[in-house]
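Enquirer: what's the 3D shape of this:
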Amino acid sequence: MSNNRSLNIVVAESAVIIRSGLSAVLKRLPNMDIHPVEVTSTEALSNYANLHQPDVIIINPSFEGGFNLSAFRAAHPRLGHTRYVALLSSVITNNLLKEYDDHFSICDDIDIIATKLNSLTHTPEEEGAEKENETETLSQREKEIITCVVKGMTNKAIADKLYLSIHTVITHRRNIARKLQIHSPAGLTIYAIVNKLVELSDIKEKL
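Expert: A predicted model of the protein is given here:
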């Protein structure tokens, strides 16, 4: 039996490469059954919202010259549980992002996108259940980054070793801190040793 979570997600973006690329990534997210709907205009988005209730709307803040999220929310009050995610494919000022629940960047990898979607769409009951087994919430990539941090590597060194951007490493580290509620390298070191992510000899080499 499949335990995949089913999510109804709309991708609103005028650039076909970005729109189709994100849709392809969404379909590949682990433990999620996503059939993204692509829209290319504000009118098409409104028409879809009048007929359906998506879980998440991913939209470029500069969509059609500047998307007015406040006006869209007011026009579609029935979408009270829909989460809005800003899709960043260019430099966007923080002022444009303040009304969104989160954002995706074209630099984000599959683990980060999955983590953000899980965080946005989980119910309080699901979040409580996850906290009972926090080790399982860490992705393999996050465990690799913890190991690198514990060994004293800088963000740049981690990025080079794992073939990631520094932006992605920083986002992973932020997610790790949120999941584990550990905000210091010393705390991560204890966690890594207890959970057998590293050997004590690996730590001694850096002391």
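
Enquirer: So which bits of the helix or strand encompassing Glu38 are buried?
Expert: Secondary structure from DSSP states H and E places Glu38 in strand 37-39. Neighbour-count burial for strand 37-39, with 16 or more other C-beta atoms under 10 Å as criterion, is recorded at Val37, Val39. Every residue, glycine included, has its C-beta placed from N, CA and C.

Enquirer: Likewise for stretch 4-14?
Expert: Buried residues in stretch 4-14, counted by 16+ other C-beta under 10 Å: Arg5, Leu7, Ile9, Val10, Val11, Ala12, Glu13.

Enquirer: what's the answer for stretch 187-200, then?
Expert: For stretch 187-200, a neighbour-count test (16+ other C-beta under 10 Å) marks Leu188, Thr189, Tyr191, Ala192, Leu197, Val198 as buried.

Enquirer: on that earlier part again, just checking, which of the buried residues of stretch 4-14 comes out lowest on pLDDT?
Expert: Across the buried residues of stretch 4-14, no position has a lower pLDDT than Arg5, which has 74.

Enquirer: Quick check: pLDDT value at the nearest residue to that one once chain neighbours are set aside.
Expert: If you skip the residues right next to it in sequence, Arg5 has Met32 as its closest partner in space, 5.2 Å away by C-beta to C-beta, 6 or more residues apart in numbering. We note a pLDDT of 86 for Met32 in this prediction.

Enquirer: cool, and Asn155?
Expert: The predicted local distance difference test score for Asn155 is 91.

Enquirer: ok, now which ones touch it?
Expert: The neighbours of Asn155, taking C-beta atoms under 8 Å, 6 or more residues apart in numbering as the test, are Ile166, Val169, Ile170, Arg173.

Enquirer: measure it to Ser184 for me?
Expert: In this structure, Asn155 and Ser184 are separated by 15 Å, where distance is defined by C-beta to C-beta, to the nearest Å.
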